[in-house]
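Colleague: mind folding the following:
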Amino acid sequence: MVDALVKLVLEQRQAARERKDYATSDAIRDRLSQAGLVIEDRADGSRWTLG
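Modeller: Residues are numbered from 1 along each chain as shown. Sure thing, here's the model as predicted:
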């Protein structure tokens, strides 16, 4: 369930990046980081791990 929720948030972050809404994209990444997740942006999409 956690994986599905994080993927949903990452999809929202990707949509913000595609709109060039970098403030929202960065805010999402920062909030996930505060929750203890490490986000790695890759050519094939974003991946997350526990920090």
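
Colleague: what mean pLDDT does the helix or strand harbouring R17 have?
Modeller: For R17, the host element (DSSP states H and E) is helix 2-18. The predicted model gives helix 2-18 an average pLDDT of 96.

Colleague: figure out how far that helix is from the centre of its chain.
Modeller: What separates the centre of helix 2-18 from the centre of its chain is 5 Å, taken as CA atoms, centre = their mean, to the nearest Å.

Colleague: swap in stretch 2-21?
Modeller: That offset, for stretch 2-21, works out to 5 Å (CA atoms, centre = their mean).

Colleague: same check, this time on stretch 20-40
Modeller: 5 Å.

Colleague: that older thread, give the buried residues for the helix holding R17.
Modeller: For helix 2-18, a neighbour-count test (16 or more other CB atoms under 10 Å) marks V6, V9, L10, R13, A16, R17 as buried. Just so you know, the C-beta spots here come from the backbone N, C-alpha and C atoms, and that holds for glycine as well.

Colleague: could you find the closest non-adjacent residue to the last one?
Modeller: Spatial nearest neighbour of R17, excluding adjacent residues (CB to CB, 6 or more residues apart in numbering): S25 at 4.7 Å.

Colleague: okay, and that neighbour sits in which element?
Modeller: Since the elements are taken from DSSP H and E, S25 ends up inside helix 22-34.
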